[in-house]
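A.B. asks: Curious how this folds, go ahead:
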Amino acid sequence: MEPRNFDPKHTGELLKHMDKQNEVLMDAYRSMFHELRKLQVLTFIDFALNSSIRKLVFMVSSFAVFILQFFRTNDFFFLFVF
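C.D. replies: From the prediction side, this is the model:
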């Protein structure tokens, strides 16, 4: 169907086809938007979780260093009884 040979009697079919095409494209857009939104939320959750874990590891390691330094400077000795 070339533009110069377009028959006006096919206008209805063309309009239906374009409406259907628009509907399919909008469904694809919604689906992609939903997936991207979900990915963005999951990425944020993953970032927050990793950040929290990093903070926890830092706090625990800092506390361990503090305890070791405290006991080294105060000459404490431990007896481990099993």
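
A.B. asks: Please, where are all the helices along the protein?
C.D. replies: Per DSSP state H, the chain carries helices over the ranges 11-73.

A.B. asks: what residue ranges in it are flagged as low confidence?
C.D. replies: Regions of the chain meeting the criterion pLDDT under 70 cover residues 1-6, 74-82.

A.B. asks: Quick test: name the residue nearest the centre of it.
C.D. replies: For the chain, the residue nearest the mean C-alpha position is Thr43 (2.2 Å; Cα atoms, centre = their mean).

A.B. asks: From Ser51, how far off is that one?
C.D. replies: Separation of Thr43 from Ser51 (Cβ to Cβ, to the nearest Å) stands at 12 Å. C-beta coordinates here come from the backbone N, C-alpha and C atoms, glycine included.

A.B. asks: do Asn22 as well
C.D. replies: From Asn22 to Ser51 the distance is 42 Å (Cβ to Cβ).

A.B. asks: Kindly report the same for Phe58.
C.D. replies: 11 Å.

A.B. asks: just Arg30 next, same as before
C.D. replies: Distance from Arg30 to Ser51, by Cβ to Cβ: 31 Å.

A.B. asks: Please apply the same query to Ser61.
C.D. replies: Applying Cβ to Cβ to Ser61 and Ser51 gives a distance of 16 Å.

A.B. asks: what does Leu14 give?
C.D. replies: Distance of Leu14 to Ser51, computed by Cβ to Cβ: 54 Å.

A.B. asks: Phe71 now?
C.D. replies: 31 Å.

A.B. asks: cool, and Ser62?
C.D. replies: Here the criterion is Cβ to Cβ. By it, Ser62 lies 16 Å from Ser51.

A.B. asks: now swap in Ala28 and tell me
C.D. replies: Ala28 sits 34 Å away from Ser51, going by Cβ to Cβ.
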